[in-house]
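*Asks:* Mind folding the following:
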Amino acid sequence: MRTIDWVDGAVELVDQTRLPGECVMLRIHTVSELVAAIQRLAVRGAPALGVAGALGVVLADGDPGEIAALRAARPTAVNLAWGVDQAAAHQGAGREAVLAAALRVRDDDIAACLAMGERGADLLEGDRLRIMTVCNTGGLAAVERGTALGVVQTLHERGRLAEVLALETRPLLQGARLTTWELARMGAPHRLIADSAGPYLLARGEVDAVLIGADRIAANGDTANKIGSYALALGAERAGVPFVVVAPESTIDQHTPSGEHIEIEDRGDEEIVTVRGVRVAPEGTRALNPAFDVTPHDLITAIVTDKRVIRP
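*Replies:* Here you go, the predicted structure:
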């Protein structure tokens, strides 16, 4: 199943807000619809956002305002703007050239995920590995297979996976709703844990490696990813467990020198004071809701891309 694709003149994508209860495909015909889908996280994950950005340029049909709005729909994940730029560079050659460029972004992502899965599995030593991960980095975050969870899938296919410990990933529960759904579909053994349990389980020796994705990797290797990643990096460093970032080359932003220059999206009060629409804090409670954190490069064992392994 593809998370996002171009079908009969429209963008088709899985509405991830409806999972795991139901798998619903959306057909997107306008840039405004696509921007709304991106902002409400119907489509999410850095590689998938790159493909969405590229296909959105086809829908924009040369309108500079719509292209700018699409490019700025979410600020932290560099792949969205990158995907927009990849397709927009061909506007002078006509709509068919833009579509061809966007489809290359899609196809390159599929190939990149396969390569990352192989390279990441080759990097990790040992059999029957116990992997910890945060958020969702599988096919739902890309077009097919995914980044960090793509490595998990390759390990599983090779018979080298013992278990995945997936963090629930508050506040929107991408780990609980999406990662466990994908792990169940691939038949991989897994258990769900509270976010705050991750560092403790690392300290107890119950994990062989931590695998995460990335929304932006600065030029020095500092990595922005879903909030909770930094805590796992600290726990992994203390426990002597490899902490591995898996992301395509397009997520490396050479124009951002370090993590302190990465804009971190704050998604407001509602996601914190409610859970799936149910209020869990008193009326009037304010919240601080950074959607991402930044892991310094010195806590990262390796960055696995579709082209290489980087050791910061």
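*Asks:* all contacts plus neighbour counts: C-alpha atoms, from now on.
*Replies:* Will do.
*Asks:* where do the helices sit along the stretch 1-150 of the chain?
*Replies:* Secondary structure of the stretch 1-150 of the chain (DSSP state H, counting those that start in this stretch): helices at 31-39, 46-60, 64-71, 78-88, 95-123, 148-157.
*Asks:* now the residue lying closest to Gly259 once chain neighbours are set aside: how far from Arg216?
*Replies:* The shortest distance from Gly259 to any non-neighbouring residue, by C-alpha to C-alpha, 6 or more residues apart in numbering, is to Asp222 (5.1 Å). Going from Asp222 to Arg216 by C-alpha to C-alpha, to the nearest Å gives 8 Å.
*Asks:* do the same with Ala37
*Replies:* 20 Å.
*Asks:* And these two? Which one has more around it.
*Replies:* Neighbours were counted for Ala37 and for Arg216 using other C-alpha atoms under 10 Å; Arg216 has more, 26 against 21.
*Asks:* related to what we said a few turns ago, check contacts around the residue nearest to Gly259.
*Replies:* Contacts of Asp222 were listed using C-alpha atoms under 8 Å, 6 or more residues apart in numbering, and they are Ser258, Gly259, Val294, Thr295, Pro296, His297.
*Asks:* and the third one, that one's in a strand?
*Replies:* Yep, that's Val294 we're talking about. Yes - under DSSP: H, G, I helix; E, B strand; the rest coil, Val294 falls within a strand.
*Asks:* Next up, the contacts around it.
*Replies:* Asp222, Thr223, Ala224, Asn225, Ser229, Tyr230, Gly259.
*Asks:* what do you get for the first one?
*Replies:* Ser258 is in contact with Ala218, Ala219, Asn220, Gly221, Asp222, counting by C-alpha under 8 Å, 6+ apart.
*Asks:* Just to be sure, the third one is in a helix?
*Replies:* No - with the criterion set as three-state DSSP, the secondary structure at Asn220 is coil rather than a helix.
*Asks:* Look up how far Ser250 lies from it.
*Replies:* 15 Å.
*Asks:* likewise Gln174?
*Replies:* Gln174 is 23 Å from Ser250, by C-alpha to C-alpha.
*Asks:* Can you pick out the residue with more neighbours from the two?
*Replies:* Gln174 (24 against 21).
*Asks:* Now that one: closest residue in space that isn't a chain neighbour?
*Replies:* Cys135 is the one closest to Gln174 (C-alpha to C-alpha, 6+ apart), at 5.2 Å.
*Asks:* right, and the one you found touches Thr179 too?
*Replies:* Yes - assessed by C-alpha atoms under 8 Å, Cys135 is found in contact with Thr179 at 7.1 Å.
*Asks:* Quick check: neighbours shared by these two?
*Replies:* Ala166.
*Asks:* what number of residues lie near Val7?
*Replies:* 11.
*Asks:* and it, what are its bridge partners?
*Replies:* Beta-bridge partners recorded for Val7 (DSSP bridges): Ala10.
*Asks:* What does the pLDDT read for it?
*Replies:* Confidence at Val7, expressed as pLDDT, is 97.
*Asks:* what does Arg18 give?
*Replies:* Per-residue confidence at Arg18 stands at 96 (pLDDT).
*Asks:* same question, Ile67
*Replies:* For Ile67, pLDDT reads 97.
*Asks:* who touches it in this structure?
*Replies:* Counted by C-alpha under 8 Å, 6+ apart, Ile67 has contacts Gly56, Val57, Ala60, Val84.
*Asks:* avg pLDDT for the helix or strand hosting Leu202?
*Replies:* In this structure, Leu202 sits in helix 198-203 according to DSSP states H and E. The average pLDDT within helix 198-203 is 98.
*Asks:* Quick check: buried residues in it?
*Replies:* Gly198, Pro199, Leu201, Leu202, Ala203 (16 or more other C-alpha atoms under 10 Å).
*Asks:* For Ala112, see how far away Val51 is.
*Replies:* 13 Å.
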